[in-house]
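In: pasted the sequence and its predicted model underneath.
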Amino acid sequence: MVDLTRTATTPPVGASELFQILRDGVPRTRGELAALTGMARSTIGVRIDALVDVGLVGAVDTAASTGGRPPAQIALRPAARLVVAADLGASHGRVAVTDLVGTQLASRDARIDIAAGPVPTLEWLVGVVDELLDSVGRVRDDVIAFGIGLPGPVEFSTGRPANPPIMPGWDGFDVPGWLRQHVRAHVLVDNDVNIAALGERAHGWPDLDHLLFVKVATGIGSGIVSEGRLQRGAQGTAGDIGHVRVSRAGDVPCHCGNTGCLEAVASGPAIARSLRAKGHDVHTSADVVDLVARSDLDAIGAVRQAGRDIGEVLATCVSLINPSVIALGGSITQAGEHLLAGVREVVYSRSMPLATEHLVIAQSRAGSIAALQGAAALAIAYALSPAGVDELVTLAEGRQLTEGRHPAEGRQLVS
């Protein structure tokens, strides 16, 4: 097994930078690339060869000839390599395999129990990945990056969960390290709401640079996009609004160890608890949504009040980060406009008019697959970045040297 933390050799200088021109998918000849970069055609050739070796680019239909043999064109090969996207929640798991432009090739949804611990959960993940790869006729070595969302705080730089309240046994677990023992790919792990914010922005509001994504489900959290970039904060806890104190919560205990948290009164389990106290047989978010769908007044009132509680916190967020859109996702938003109405009622009444004049508060456009789409986008962004391309080229050359071959041997040169 190749250790991804080490490099066997140095990739050709500039191969990754050259790829940044080609990643847009537009076919170009070697001469066009030389003109764009100012480099010699021979230098361009060496760098293209390195990218061809790892399958990122290849020859496409030839360009028009001006006399003699038509020049070959080179372009990104989106299907040559794959990424894995995984959205792991408290009780659900969604996994997809996509190509390098995000086209989904295969996916799987299943019930899981994140509280079972990291090893059983990740073993399930690897098993599903193998099944998905087999279904599309591919193998593990075709995967170059994983993007994974987890339902708790994550130290993004290491991919390790940090004191996640609903994930016993996960604290400090080396998720990337464990996965790299099974699949030779770069692994990026983030909080599931951050991942969902990326997916919501990319697929729901691509032209907006200031967005707040709020997930209301087993827990409550938010992902912040500002100036078009995800904001994780100093330790990765930016947007953790579920544990902000709200006035109605009083001394209600929260699973985080504090009292009075938003999550303790406005999450799916909290709403269900309040309805059980009124004699309703509800235990899950799905039960709450079902009761609302049957026009039960207690359920409608409880969901709307949860929206008001969430709005109390979001009114402060509006003053702090001034988003253009607040998009609400998660299982409780399936209750329809009732939650949104409560949020809007408080946000629009308590925030400054300038901040809310053009503010849109809406249901998520990406819906239940926001996190899966965000995980794919995170993995692709790294895989096609200069660092990701350099890592891929380095690993390929390291394997060739291990096998006793010079990296230049066996290349199909692109003329």
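Out: It's in.
In: switch to C-alpha atoms for all contacts and neighbour counts from now on
Out: Will do.
In: what residues does stretch 103-115 touch?
Out: Residues outside stretch 103-115 that contact it (CA atoms under 8 Å, 6 or more residues apart in numbering): 88-99, 121, 128, 132-133, 135-136, 166-169.
In: among these, name the ones in strands.
Out: The members of the contacts of stretch 103-115 that map onto strands under DSSP state E are 88, 92-98.
In: can you list those in a markdown table and add distance to Pro253, pLDDT and neighbour count?
Out: Listed next are the ones in strands among the contacts of stretch 103-115 as a markdown table, based on distance: CA to CA, whole Å; pLDDT from 0 to 100; neighbours: other CA atoms under 10 Å:
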| residue | distance to Pro253 | pLDDT | neighbour count |
| --- | --- | --- | --- |
| Leu88 | 26 | 95 | 26 |
| His92 | 25 | 89 | 13 |
| Gly93 | 28 | 95 | 22 |
| Arg94 | 31 | 96 | 23 |
| Val95 | 34 | 98 | 23 |
| Ala96 | 37 | 98 | 24 |
| Val97 | 40 | 98 | 24 |
| Thr98 | 42 | 97 | 24 |
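In: out of those, which comes closest to Leu340?
Out: Here the nearest of the ones in strands among the contacts of stretch 103-115 to Leu340, counting by CA to CA, is His92; it sits at 24.1 Å.
In: tell me where the stretch 201-350 of the chain has helices.
Out: Secondary structure of the stretch 201-350 of the chain, counting by DSSP state H, counting those that start in this stretch: helices at 263-266, 268-276, 285-293, 297-321, 337-350.
In: which strands and helices sit next to the last one?
Out: Judged by 3 or more CA pairs under 8 Å, 6 or more residues apart in numbering; DSSP states H and E, the packing partners of helix 337-350 are helix 297-321, strand 360-363.
In: mind listing what's buried in that helix?
Out: By neighbour count with 16 or more other CA atoms under 10 Å, helix 337-350 contains the buried residues 337-344, 346-348, 350.
In: what does whatever helix or strand comes next after it contact?
Out: Heading C-terminal from helix 337-350, the first helix or strand you meet, by DSSP states H and E, is helix 353-356. Contacts to helix 353-356, defined as CA under 8 Å, 6+ apart, come from residues 318-319, 322, 348.
In: including pLDDT and distance to Leu82, could the residues you listed go into a markdown table?
Out: As requested, the contacts of helix 353-356 are arranged in a markdown table below (pLDDT from 0 to 100; distance: CA to CA, whole Å):
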| residue | pLDDT | distance to Leu82 |
| --- | --- | --- |
| Val318 | 97 | 38 |
| Ser319 | 94 | 41 |
| Asn322 | 96 | 37 |
| Tyr348 | 96 | 44 |
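In: of these, just the buried ones, PyMOL syntax please.
Out: This is how PyMOL selects the buried members of the contacts of helix 353-356, with burial counted by 16+ other CA under 10 Å:
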select buried, resi 318+322+348
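In: of the contacts of helix 353-356, which pair is most distant in space?
Out: With distance counted by CA to CA, no two of those lie farther apart than Asn322 and Tyr348, which are 12.8 Å apart.
In: residues in contact with Thr158?
Out: For Thr158, the contacting residues are 174, 176, taking CA under 8 Å, 6+ apart as the criterion.
In: hang on, it is in a helix, isn't it?
Out: No. The assignment for Thr158 by DSSP: H, G, I helix; E, B strand; the rest coil gives coil, which leaves it out of any helix.
In: between all of the ones in strands among the contacts of stretch 103-115, which two are separated the most?
Out: By the measure CA to CA, these have their two most distant members at His92 and Thr98, which lie 19.8 Å apart.
In: show me the contacts for the closest residue to His203 other than its chain neighbours.
Out: Ranked by CA to CA, 6 or more residues apart in numbering and with sequence neighbours excluded, the top spatial neighbour of His203 is Ala366, at 6.3 Å. For Ala366, the residues meeting the contact criterion (CA under 8 Å, 6+ apart) are 199-200, 203-204.
In: return the closest of these with respect to Ala72.
Out: Distances from those to Ala72 were compared by CA to CA; the smallest belongs to His203, at 34.4 Å.
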